[in-house]
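> sequence? don't have it. structure:
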C-alpha cells in the first residue's frame, strides 16, 4: 500500500500503545516510555523504539521537551493532534489543565515523571492488574454519573496474595494549603465508588502534615513514603490517621 508523502502509517500493535502511554502519563521520559513498552510486551529492541518515538515526534503526534532541571533525559507529551487521533480510536480522556507558567510546568512535569516511577515499580514486580490514569479518571468524573469523589492521580488494581485489591492513589509531592486538605477530607468522607485511598509522600514531615487533616475520616485512607514503596511495595508501612497506627500495606488490603 502506498501513502501520501509526509503521511505516517501507524501500527496498532506498536505505535498506538506508545501514543496511549504518552497521553496517560502526561509527561514521561524517554527511558520510562521504553520501559513501559518493554514491560508491556510491545517493544524489545531499544533502537527500534528510538526510531518509533522519533518518528511520532517528527509527524507532530508527540511533543519533545527538555527534561526538568533534576533530570538529563528528554521528556515527551502528547500533542493536540496526537490527542485528537486517540479520541477517534475510543480513548476516554478529558485534557488536563495546562500549566500556569514555567514554575508550575516544572512541578507538574516532576510529579508526572515520579508518578511514572511509582507505576513502574509495580510493573517490574508483576503486581499490577489495572492502572486507570488521571486522564481516564477525569473523563469518568466529568462525563458520567458513576465517577469518583475527586480526580485521583490513578485508580489501581493490584494482585495481592492471589486476590485483587483496588484503591485510589494520590502522590503528594509538595504541600498545599490547609483549606485544600480540609476540602479533600470532606470529599473522601463521601466517596462511594472506591473503598481505599493511598497517599504516597516523599518524606515523613510532609506525611505527618497531610495525614493530620484526615484523622476524622473513617473511610480507609492510608499514608506511606514513596521511597518505602519502591523498596518494599506491599510490605511497606502505612499510617491510618483515624487509628494512628502503622501496618503493612499488604495487611490493609486483606
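Yep, that arrived. Here the structure is a predicted model, which is why all the values come from computation and not from measurement. Residues are numbered from 1 along each chain as shown.
> Packing partners of the longest strand along the chain?
Counting by DSSP state E, the longest strand found in the chain is strand 163-171. For strand 163-171, the packing partners by 3 or more CB pairs under 8 Å, 6 or more residues apart in numbering; DSSP states H and E come out as helix 101-125, strand 154-160, strand 196-201. Where you see a C-beta, it was placed from the backbone N, CA and C, and this is true even at glycine.
> For the stretch of helix or strand residue 38 belongs to, the averaged confidence score.
Per DSSP states H and E: residue 38 is located in helix 30-39. Helix 30-39 shows a mean pLDDT of 97.
> following it, which helix or strand comes up?
Next along from helix 30-39, by DSSP H and E: helix 46-58.
> Buried residues in the helix or strand following that next one, which are they?
Remark: after helix 46-58, the chain's next helix or strand is strand 62-65, criterion DSSP H and E. By neighbour count on 16 or more other CB atoms under 10 Å, the buried set for strand 62-65 is 62, 63.
> Quick one: residues contacting residue 43.
By CB atoms under 8 Å, 6 or more residues apart in numbering, the contact list for residue 43 reads 14, 18, 34, 37, 49, 52.
> Contacts for stretch 12-24 next, please.
Residues contacting stretch 12-24 (CB under 8 Å, 6+ apart): 10, 28, 33, 36-37, 40, 42-43, 52-53, 56, 61-62, 76-78, 82-83, 85-86, 89, 91, 93, 133, 135-136.
> Which helix or which strand is home to residue 239?
Here residue 239, judged by DSSP H and E, is contained in strand 237-240.
> now swap in residue 81 and tell me
Counting by DSSP H and E, residue 81 is part of helix 80-87.
> List the buried residues of that helix.
82, 83, 85, 86.
> if we take the residues you listed, which one ends up nearest to residue 105?
Of all these, residue 105 sits closest to residue 83, with 17.6 Å by CB to CB.
> I'd like to know how far that closest one sits from residue 118.
Separation of residue 83 from residue 118 (CB to CB, to the nearest Å) stands at 24 Å.
> Residue 15 now?
Separation of residue 15 from residue 118 (CB to CB): 26 Å.
> give me every residue that touches residue 143.
Contacts of residue 143 by CB under 8 Å, 6+ apart are 92, 94.
> and it, how far is that from residue 135?
Using CB to CB, one gets 12 Å for the distance from residue 143 to residue 135.
> Now the common contact residues for the two.
residue 94.
> Any regions of this protein where pLDDT drops low?
1-7, 67-71 (pLDDT under 70).
> domain parsing for it?
Following automatic domain parsing, one gets these domains for the chain: 1-101, 127-254.
> Need those domains in CSV (columns: distance to residue 109).
Converted to CSV, the domains of the chain look like this (distance: least, CB to CB, whole Å):
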stretch, distance to residue 109
domain 1-101, 5
domain 127-254, 11
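> Quick one: closest of those domains to residue 114.
The nearest among those, by CB to CB, is domain 127-254 at 6.5 Å.
> what's the distance between that closest one and the middle of its chain?
Taking CA atoms, centre = their mean, to the nearest Å, one finds the center of domain 127-254 at 12 Å from the center of the full chain.
> Kind regards, and thank you for your time.
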